[in-house]
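Peer 1: Got a sequence here, can you build the structure:
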Amino acid sequence: MNAQEAQLHYPFGEALPASGGAMEVAPGVKWLRMSLPFALDHINLWLLRDEMDAPGGGRVAGWTVVDCCISRDESRAQWEQVFASELEGLPILRVVVTHMHPDHIGLAHWLCERWNAPLWISATDYNTARVAIVASTGFGGENSARFFAAHGLVDPGSLEQIRGRANYFTGMVPALPDRFHRLMDQQAIVIGGRSWRCISGYGHAPEHMALSCEELKVLISGDMVLPRISTNVSVYDVEPESNPLTLFLDSIDKFAALHADTLTLPSHGKPFRGLHTRIAQLHEHHRDRLAEVMQACQASPCSGADILPVMFKRALDLHQTTFAMGEAVAHLHALWFEGSLRRVLCEDGIYRFHPI
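Peer 2: As a prediction, the model looks like this:
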């Protein structure tokens, strides 16, 4: 545990849900944990006890699922174990997806079809996912390779691998439900007789939706607030002059209005208390990174690739490098948009950032 983590409280200690099992973390709220084949090797999913109108009248008891995992045989097998051991003989009534990244939406089509359950998601993320299924933008392919090259990643082998990842998104999200219910900021959803309020977030995904239940003092934070790592905030080729870091930092401040003792349920890491402390830590983290980036650019104009060793001290594989490049450009853009840096397209076709 690092020094920042020590400032947070993990009420369940080192306990984790078993594969295919669940832990109850609040009344009517179960924690699932499924494996991922990446350096970030897991995702947390949530089962909320629910009740909805039945088609023929009356009410039917069941569960709302929050997030889904990627589409692969191992994930489906884990879900089958959950169906057998954790649903208490009740159906899944609805599937809520916090945002459109593959580990969150990948099995939404399968779950919705399996249980005849509707998908609930923001309209922006639903439609962005639909585009990503038919186009490689932002996740691999020629456009991504050109974008990374323009920001200084010019290694031919890396660029060729990025071009070859044109099916990166569809490999983990092969389909989507044909219809969805739209989630919007401040919308209240009644789940299991309790009101859960949507809180929109930007910078990490197009329109991320966290869910807050004031009665339980529980926040399902998705990827917006994680306890151990900082959320990836990237510039992508589809929106090459965006300013996602500023959007992200503005978004996490929305959570400061929640109760100080809120139990935060993140998508990665363990449930924790200390939400206000974690928000302050994330602001401090990015202030430090921005200061490092500014110092590097003052020493010599920098591209995104030049910033990688400044922000990331460890060796990175290609998968990690693409995320790191997006984040490096996001920090350069934050300084560019605030007027501390200027961007110059150099004769070699690479953008470099100079101090004003």
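
Peer 1: switch to C-alpha atoms for all contacts and neighbour counts from now on
Peer 2: OK.

Peer 1: which residues sit in contact with the nearest residue to His333 once chain neighbours are set aside?
Peer 2: Closest residue in space to His333, ignoring its immediate chain neighbours: Asn243 at 5.8 Å, by C-alpha to C-alpha, 6 or more residues apart in numbering. Residues near Asn243 by C-alpha atoms under 8 Å, 6 or more residues apart in numbering: 203, 235, 330, 333-334, 337.

Peer 1: Mind listing the residues bridging to the nearest residue to His99 once chain neighbours are set aside?
Peer 2: Distance criterion C-alpha to C-alpha, 6+ apart; nearest residue to His99, sequence neighbours excluded, is His208 at 4.9 Å. Taking DSSP bridges, one obtains Gly201 as the residues bridged to His208.

Peer 1: Need phi/psi at the residue nearest to His333.
Peer 2: Phi and psi for Asn243, reported as degrees, to the nearest 10, are phi -130, psi 70.

Peer 1: Against which helices or strands is the one helix or strand Phe83 maps to packed?
Peer 2: Per DSSP states H and E, Phe83 falls inside helix 73-85. Under the contact criterion of 3 or more C-alpha pairs under 8 Å, 6 or more residues apart in numbering; DSSP states H and E, helix 73-85 touches strand 29-35.

Peer 1: If you average the pLDDT over the strand it packs on, what comes out?
Peer 2: Strand 29-35 comes out with an average pLDDT of 98.

Peer 1: how far does that strand sit from the chain's center?
Peer 2: From the chain centre to the centre of strand 29-35 is a distance of 16 Å (C-alpha atoms, centre = their mean, to the nearest Å).

Peer 1: could you say what helices and strands the longest helix seen in the chain packs with?
Peer 2: Longest helix in the chain by number of residues (criterion: DSSP state H): helix 275-299. Judged by 3+ C-alpha pairs under 8 Å, 6+ apart, the packing partners of helix 275-299 are helix 304-311, helix 318-337, strand 351-355.

Peer 1: tell me what the second one is packed against?
Peer 2: Based on contacts counted as 3+ C-alpha pairs under 8 Å, 6+ apart, the elements that helix 318-337 packs against are helix 244-252, helix 275-299, helix 304-311, strand 341-345.

Peer 1: buried residues in it?
Peer 2: By 16 or more other C-alpha atoms under 10 Å, the buried positions in helix 318-337 come out as 321-337.

Peer 1: Test my guess that Ser212 contacts Ile191.
Peer 2: No - using C-alpha atoms under 8 Å, Ser212 is not in contact with Ile191, being 11.3 Å away.

Peer 1: Neighbour count for those two, which is higher?
Peer 2: Taking Ser212 and Ile191 together and counting by other C-alpha atoms under 10 Å, Ser212 has the greater number of neighbours (26 against 18).

Peer 1: Not counting sequence-adjacent ones, nearest residue to the more buried one?
Peer 2: Ser212 sits nearest to Leu219 (C-alpha to C-alpha, 6+ apart), 4.4 Å away.

Peer 1: for that neighbour, helix, strand, or coil?
Peer 2: Counting by DSSP: H, G, I helix; E, B strand; the rest coil, the backbone at Leu219 sits in strand.

Peer 1: Can you tell me the element Thr124 falls in?
Peer 2: Using DSSP H and E, Thr124 sits in helix 123-134.

Peer 1: Show me which positions of that helix end up buried.
Peer 2: 123-126, 128-130, 132-133.

Peer 1: what does stretch 287-300 give?
Peer 2: Using 16+ other C-alpha under 10 Å as the burial criterion, the residues of stretch 287-300 that qualify are 289-290, 292-294, 296-297.
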